[in-house]
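In: make a model of this:
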Amino acid sequence: MVKNIPTDSPHVHDFEEVLQPIPEEARTTRVSGQFWIWAGANIAPINWVLGALGIGLGLGLRDTLIVLVAGNIVGMALFGVFVLIGQRTGVTGMVLSRAAFGRRGAYLPAAIQACLAVGWCAVNTWIVLDLVMALLGKLDLVDPHERNLAAKILVGAVIMTIQVTIAWFGYRVIAAFERWTVPPTLAVLVLMSVVAWFHLDIDWSYAGPTGEVLQGGARIAAMSTVMTVIGIGWGITWFTYACDYSRFVSRTVSRRKLYLTSTLGQFVPVVWLGVLGASLATTNGSVDPGELIVSNFGALALPVLFLVIHGPIATNILNIYTFSVAAQALDIKAHRRKLNLLVGMFALVVVVFFIFQSSLATVLETW
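Out: You can find the predicted model right below:
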């Protein structure tokens, strides 16, 4: 019988500090952690913004929802394959890339992955700051009409500190954080959905800003854009992350069970938030996160604030962790924890830069 060591065992931490396969005796048979990790990473403000993107591009609600559901079925189904590869091999995604590119040839995809992770860490932290200020304004803690630069920097620093601290302790703490914080976040999401779909003026027959569905090339272009951003493309963006976390799952665990748990962890929140964002956008045609949330959920400012702040933390602990193992795949001889600190400090500098460079920030928000 294979001995199973739970994720709260100190042995797991020892194997994480340097880049190496996770041995069977240090893995876990608990697969619920995979669901909570991927669900937590996707219960984020960016997903309701992206869900509203189709409306902002002129699509009707029906076309937007078709792209969301069909695209994510395909994207997440493929994502699950990479989860299984991680379970089978016990190594990170960038180590696996050496099979295709060789050790030195894999430096390029590893460098790209590291840059993507640190970039998302900065953007995900920055993108919620205006929304946090708007919600704090509803609570009369700040003046939402002011720039609130000091308050934004403070909030950004607190969020970044929490993210780095959780990632510092590795997989076992990441899984525990998601397991304990995602359920109450889902409860807030349920409350938001009930308020939106039963008490707001959602136009379920919304056909576009002119009342007529886009036709021809314009319709195809808009649908393909949404398909790339939060349809098939959203699942693809997680391919290179999958193995970094599924490598901790024992090979004795049913592959079918792990596959379904992981893919549903991705699919459910992405589609749910996408539908919520798209339906909210029919009330005013906006994709601006502050406009979407504050104008519709001002009375629920406190619980929504919890969801908003939780979103980047749950996502960025994966970005910080994945950055560290991707950097190690570049043969950088540094322990994972030191790399965690490095990416946190650098990302915070970028966040502060975004706060002061409003013109660049506007370009990034548009992107």
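
In: ok, Pro269 - how many residues close by?
Out: 22 (other C-beta atoms under 10 Å). For the C-beta atoms, the positions are set from N, CA and C on the backbone; glycine is no exception.

In: how close does Ile85 get to Ala111?
Out: 21 Å (C-beta to C-beta, to the nearest Å).

In: wait, I meant Asp63
Out: For Asp63, the distance to Ala111 equals 38 Å [C-beta to C-beta].

In: quick one: low-confidence ranges for the stretch 251-367 of the chain?
Out: Flagging of the stretch 251-367 of the chain using pLDDT under 70 yields the residue ranges 284-301, 358-367.

In: now with 90, please.
Out: 277, 280-312, 333-335, 353-367 (pLDDT under 90).

In: for it, which segments count as helices?
Out: Ranges of helices in the stretch 251-367 of the chain, per DSSP state H, counting those that start in this stretch, are 255-281, 289-297, 301-328, 336-356, 358-366.

In: tell me where the protein has strands.
Out: With DSSP state E, there are no strands along the chain.

In: which of the helices of the stretch 251-367 of the chain sits closest to Val95?
Out: helix 301-328 (8.1 Å; C-beta to C-beta).

In: quick one: buried residues of that closest one?
Out: Within helix 301-328, the residues scored as buried using 16 or more other C-beta atoms under 10 Å are 301, 303-328.

In: so which of Asp63 and Ala111 has more stuff around it?
Out: Neighbour count, other C-beta under 10 Å: between Asp63 and Ala111, Asp63 has more, with 22 against 15.

In: measure the more buried one to Ala207 for me?
Out: In terms of C-beta to C-beta, Asp63 sits 9 Å off from Ala207.

In: before we move on, what about Ile55?
Out: 11 Å.

In: pull up the overlap in contacts between the two.
Out: Common neighbours of Ile55 and Ala207, counting by C-beta atoms under 8 Å, 6 or more residues apart in numbering, are Leu61.

In: for the nearest residue to Ala218 once chain neighbours are set aside, phi and psi?
Out: Counting by C-beta to C-beta, 6 or more residues apart in numbering, Gly58 is the residue found nearest to Ala218 once chain neighbours are left out, at 7.2 Å. The phi/psi pair for Gly58 (degrees, to the nearest 10) reads phi 100, psi 0.

In: just give me the neighbour total for Gly58.
Out: Per other C-beta under 10 Å, the neighbour tally for Gly58 reads 18.

In: and Tyr241, what's its pLDDT?
Out: At Tyr241, the model reports a pLDDT of 96.

In: coming back round to it: Ile55 and Ala207: which is more packed in?
Out: Shown here are Ile55 and Ala207; by other C-beta under 10 Å, Ile55 has more neighbours (29 against 16).

In: count of neighbours near the residue nearest to Phe346 when sequence neighbours are not counted?
Out: Computed as C-beta to C-beta, 6+ apart, the closest residue to Phe346 that is not its neighbour in sequence is Val118, at 6.2 Å. Per other C-beta under 10 Å, the neighbour tally for Val118 reads 23.

In: distance check, Val118 against Gln215.
Out: From Val118 to Gln215 the distance is 42 Å (C-beta to C-beta).

In: again, but for Val229
Out: Val229 sits 22 Å away from Gln215, going by C-beta to C-beta.

In: more neighbours, these two?
Out: Val229 (19 against 8).

In: show the pLDDT at that one.
Out: On the pLDDT scale, Val229 is placed at 83.

In: identify the residues contacting it.
Out: Here Val229 is in contact with 50, 53 (criterion: C-beta under 8 Å, 6+ apart).

In: mind checking how far it is from Val275?
Out: Noted for Val229: a distance of 15 Å to Val275, by C-beta to C-beta.

In: how about Ala334?
Out: Counting by C-beta to C-beta - Ala334 and Val275 are separated by 42 Å.

In: these two - which one has more neighbours?
Out: Val275 (20 against 13).

In: quick one, what contacts the more buried one?
Out: Contacts of Val275 by C-beta under 8 Å, 6+ apart are 51, 65, 68.

In: which of these are buried?
Out: Buried among the contacts of Val275 (16+ other C-beta under 10 Å): 51, 65, 68.

In: for Met160, state which of those is nearest.
Out: For the buried ones among the contacts of Val275, the nearest to Met160 is Gly51 (26.1 Å; C-beta to C-beta).

In: relative to Met192, how far out is that closest one?
Out: Gly51 is 13 Å from Met192, where distance means C-beta to C-beta.

In: now do the shared contacts for the two.
Out: Residues touching both Gly51 and Met192 (C-beta under 8 Å, 6+ apart): Leu276.

In: where along the stretch 1-150 of the chain do the helices fall?
Out: 10-17, 32-42, 45-56, 61-89, 93-96, 98-101, 107-127, 129-138, 149-168.

In: same list (those helices) but as TSV, adding mean pLDDT and distance to Lys338.
Out: Output for the helices of the stretch 1-150 of the chain, formatted as TSV (pLDDT from 0 to 100; distance: least, C-beta to C-beta, whole Å):
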stretch	mean pLDDT	distance to Lys338
helix 10-17	61	10
helix 32-42	94	23
helix 45-56	83	29
helix 61-89	94	24
helix 93-96	94	18
helix 98-101	92	23
helix 107-127	91	14
helix 129-138	78	27
helix 149-168	92	10
